[in-house]
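Asker: let's see this in three dimensions:
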Amino acid sequence: MKVVITPEVSSRKTRKAIIGELVKVHGNTELEKRLPANDGEKNLYTSGRLPFTQKVFDILLSEEDETTCSTRERKFEVQIKFAAQVSMHQLHELLSGKKVDTPQEALNIIDIVLKEFASHSYVSFGRLSYSPDLRKSHTLSGGLESWRGFYQSIKATQMGLSLNVDMSSTAFIESLPVIDYVAQILGKDVHLKPLSDADRVKIKRALRGVKVEITYRGSVRRKYKITGLTSQPTRELIFPLDKEMKMQSVIDYFQEKYEYTIMYPHLPCPQVGSQEKLNYLPMEVCKIVGGHRYSKGLNEKQITSLLKVSCQRPRGREDDILQTIHQNDYNCNPYAKEFGISVDNKLASVEARVLPAPWLKYHDTGRENKILPQIGQWNMMNKEFSTEPVIPVYSARPDMVKKALGHVHFVSRNKLGGKELELLIAILPDKNGSLYAHPDSGEDVCPSTAAVVASQDWPEVSKYAGLVCAQTPREELIKDLFKCSNDPQHGIVYGGMIRRQQEKKTHRIIFYRDGVGDGQFYQVLLYKLDAIRKGTSRAAHYHVIWDDNNFSADEIQSLTNNLCYTYARCTRSVSVVPPVYYAHLAAYRARFYMEPDVHENAKSHATRSNIESVRPLPALKENVKNVMFNC
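Answerer: Numbering: from 1, shown residues only. Sure, this is the predicted structure:
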């Protein structure tokens, strides 16, 4: 069924709330006790035909308006129209062992049905669902705590349909009084002394967008979203009381209207509401609403704490998955029952094997030529490197880094008689300074950075060159893999991110791509294959979506496994092939070439809908071009 909501709603959460209200009001009548599953967009699935092909419902939804700081009842027109009947025949054919294309639409429906119940019981973000009840939350410091969550998806396997469940941990803001949260962020007691300007800026960034509830009106617990922070302390704040612009102080207002005495007038007030109707709430009367995911960057201490909680041995992870399956109780899930879906609550047994580690070859100048890794790791101490540095350790202030690097280059070049330095190690004081870039997750208007890296010295495959390209936000496909243009002087010019750097013809290309969902395989296959044919202890799984090289399963598995031992950043095997890691690093590094205010400008002047073109990245310096390219 297709669902059209008028007026149009952009929020996935609101759309699902509207559908939920429709089922609540009309489920036993017009819907004939059907329990439909909604994907949060315009698709509604039922286990059988409804008694109508098209019908319009009027739905009243009570919701809290975080802008006007009030509860309002909104009226929506919901049109439900029959679209198509999805055939499960192809899925039955697949499960019976016949070679047919994966029925992705049928799998998606089962996926949506099983996730529908989770969306009502958990705090959901994208494909992940979190709850403090899955496992006890752990404090991360700075007013944050970790929540355990899970990911689930339906996969068509050789054993039949499998429910893939994996665990995840992420940071949530603790449900604290705002004044306590502020104290934790700043790492000091704020009950007596006023905040400095730097403190206020830090708190303003931390509180913006956070939902709070008031605590000064007894059982009335209205919720607001913080939009800003006053520059003045509470004791200096006044506001117009009426249309005649009669002014009153915030302190007097709370005392006269609510008989509440503000205890910490030296602190600024969080602002809520719109520019037309701003309200001031003293910090002490606000408490953070639970379930607020923290989307900004974590500091080093918080990352360490989160890793301690989330890193598990296989047996511990297995126990968590079984506990999650037990808690979800899929066979009592009303949506699963409605669609006739049952789930075995036992883990599937899969035969596996351990691939042998490859021999690693060191540079010929080292003391040893080869080494065989043991248990996925090895030690390069005294194998290749001299223990004595070319020049003594040189330190500098953060604002003098460029000058310091110039000095190190000059001194080392003189000492080496003009030879280039082979390795430079820079030790930074922390991960939160100006030397690092942390863009906020969830940004939809800032340019995305795509990256491709390629090996240049086959068969040794340890040296890679990278190419980065700016493109529209949230764009999954790389738009500039291959392109050609008509130059007035040179005719047709071929370019793009896949192109030969030497005259020698490329005979084989092995392309690894990260971050592609199951439903995107066909799209990626069509686009990337076409582009390529035109110039040229964490679990991970790989899908082969095209193979012109006629690799056997053993060959592609061995190649992938061997590549995982060639990551230059550590003397361990990694779970994802190095080209993918290097592409991520190249894309991340490319952000440094953008102007510092590009994110702020994008957020204040653009929306996703009106971004039609993206400014290309600035040109790189000549001495970098042999290892990194950009467009």
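Asker: which residues of the stretch 351-500 of the chain score low on pLDDT?
Answerer: Where the stretch 351-500 of the chain drops to pLDDT under 70, the residues are 365-366, 380-383, 385-386, 430-437, 439-448, 456-460, 470-487, 490-500.
Asker: tell me where it has helices.
Answerer: Per DSSP state H, counting those that start in this stretch, the stretch 351-500 of the chain carries helices over the ranges 401-415.
Asker: tell me where it has strands.
Answerer: 360-361, 370-371, 448-455, 464-471, 483-487, 491-495 (DSSP state E, counting those that start in this stretch).
Asker: could you do the stretch 201-350 of the chain as well?
Answerer: Going by DSSP E, counting those that start in this stretch, the stretch 201-350 of the chain shows strands at 211-214, 223-233, 238-240, 247-249, 268-273, 278-280, 286-288, 292-293.
Asker: so can I have JSON lines of the ones you listed showing mean pLDDT, distance to residue 31 and mean neighbour count?
Answerer: The way it works is simple: take the backbone N, C-alpha and C, and place the C-beta from them, glycine included. Converted to JSON lines, these look like this (pLDDT from 0 to 100; distance: least, CB to CB, whole Å; neighbours: other CB atoms under 10 Å):
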{"stretch": "strand 211-214", "mean pLDDT": "90", "distance to residue 31": "32", "mean neighbour count": "19"}
{"stretch": "strand 223-233", "mean pLDDT": "91", "distance to residue 31": "31", "mean neighbour count": "18"}
{"stretch": "strand 238-240", "mean pLDDT": "87", "distance to residue 31": "49", "mean neighbour count": "12"}
{"stretch": "strand 247-249", "mean pLDDT": "90", "distance to residue 31": "52", "mean neighbour count": "13"}
{"stretch": "strand 268-273", "mean pLDDT": "89", "distance to residue 31": "38", "mean neighbour count": "23"}
{"stretch": "strand 278-280", "mean pLDDT": "81", "distance to residue 31": "41", "mean neighbour count": "17"}
{"stretch": "strand 286-288", "mean pLDDT": "94", "distance to residue 31": "38", "mean neighbour count": "22"}
{"stretch": "strand 292-293", "mean pLDDT": "89", "distance to residue 31": "33", "mean neighbour count": "16"}
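Asker: next, format these as JSON lines and append distance to residue 414.
Answerer: Listed next are those as JSON lines, based on distance: least, CB to CB, whole Å:
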{"stretch": "strand 211-214", "distance to residue 414": "60"}
{"stretch": "strand 223-233", "distance to residue 414": "53"}
{"stretch": "strand 238-240", "distance to residue 414": "66"}
{"stretch": "strand 247-249", "distance to residue 414": "68"}
{"stretch": "strand 268-273", "distance to residue 414": "55"}
{"stretch": "strand 278-280", "distance to residue 414": "62"}
{"stretch": "strand 286-288", "distance to residue 414": "58"}
{"stretch": "strand 292-293", "distance to residue 414": "53"}
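Asker: low-confidence ranges, the stretch 1-150 of the chain, go.
Answerer: With pLDDT under 70 as the threshold, the stretch 1-150 of the chain has low-confidence stretches at 64-71.
Asker: that one: strands as residue ranges?
Answerer: 2-6, 37-38, 44-45, 54-65, 70-81, 123-125, 128-131, 138-141, 144-157.
Asker: and for the closest residue to residue 565 other than its chain neighbours, the neighbour number?
Answerer: Closest residue to residue 565 apart from its sequence neighbours, by CB to CB, 6 or more residues apart in numbering: residue 573 at 5.0 Å. Residues lying near residue 573 (other CB atoms under 10 Å) number 20.
Asker: please shift the residue numbers so they start at 21 in all later answers.
Answerer: I'll keep to 21 as the first residue from here, and by that count the last item is residue 593.
Asker: list the contacts of residue 593.
Answerer: Going by CB atoms under 8 Å, 6 or more residues apart in numbering, residue 593 touches 377, 393, 396-397, 581, 584-585, 587.
Asker: pLDDT value on it, please?
Answerer: Among the per-residue scores, residue 593 holds a pLDDT of 88.
Asker: so the lengthiest helix in the chain versus strand 164-177, what angle?
Answerer: Determined from DSSP state H, the single longest helix within the chain is helix 124-141. The directions of helix 124-141 and strand 164-177 differ by 150 degrees, with axes from the mean of the first three to the mean of the last three CA atoms, to 10 degrees as the criterion.
Asker: and helix 124-141, what does it pack onto?
Answerer: strand 57-58, strand 64-65, helix 109-115, strand 148-151, strand 164-177, strand 180-193, helix 354-358 (3 or more CB pairs under 8 Å, 6 or more residues apart in numbering; DSSP states H and E).
Asker: would CSV of these with distance to residue 135 and mean neighbour count be doable?
Answerer: Formatted as CSV, those follow (distance: least, CB to CB, whole Å; neighbours: other CB atoms under 10 Å):
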stretch, distance to residue 135, mean neighbour count
strand 57-58, 8, 23
strand 64-65, 12, 20
helix 109-115, 18, 16
strand 148-151, 8, 20
strand 164-177, 7, 20
strand 180-193, 11, 18
helix 354-358, 9, 17
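Asker: quick revisit: out of the strands of the stretch 21-170 of the chain, flag the one nearest residue 418.
Answerer: Residue 418 lies closest, by CB to CB, to one member of the strands of the stretch 21-170 of the chain: strand 158-161, at 23.7 Å.
Asker: direction included, what does that closest one pair up with?
Answerer: Using DSSP bridges, the strands paired with strand 158-161 are strand 164-177 (antiparallel).
Asker: and the strand it pairs with, how far from the chain's centre?
Answerer: 14 Å (CA atoms, centre = their mean, to the nearest Å).
Asker: tell me the angle it makes with strand 180-193.
Answerer: Using the same axes, to 10 degrees, strand 164-177 lies at 170 degrees relative to strand 180-193.
Asker: quick revisit: if I look at the residue nearest to residue 585, how far off is residue 372?
Answerer: Plainly put, residue 593 is 16 Å away from residue 372 if you go by CB to CB, to the nearest Å.
Asker: I figured residue 125 hits residue 106, correct?
Answerer: Yes: using CB atoms under 8 Å, residue 125 is in contact with residue 106, at 5.8 Å.
Asker: mind listing the helices for the stretch 221-370 of the chain?
Answerer: For the stretch 221-370 of the chain, the helices defined by DSSP H, counting those that start in this stretch occupy 270-278, 320-330, 334-348, 354-358.
Asker: what's the closest of those to residue 204?
Answerer: Ranking the helices of the stretch 221-370 of the chain by distance to residue 204, with CB to CB as the measure, places helix 320-330 first at 11.2 Å.
Asker: same for the closest one, what does it pack against?
Answerer: Packing partners of helix 320-330 (3+ CB pairs under 8 Å, 6+ apart): strand 158-161, strand 164-177, strand 180-193.
Asker: so what does the residue of the chain most remote from its centre look like in phi/psi?
Answerer: Most distant from the centre of the chain: residue 264, at 49.0 Å, with distances by CA atoms, centre = their mean. When read as degrees, to the nearest 10, the backbone of residue 264 gives phi -80, psi 0.
Asker: next one: it from residue 444, what distance?
Answerer: Residue 264 sits 69 Å away from residue 444, going by CB to CB.
Asker: likewise for residue 267?
Answerer: To residue 444, residue 267 is 61 Å away according to CB to CB.
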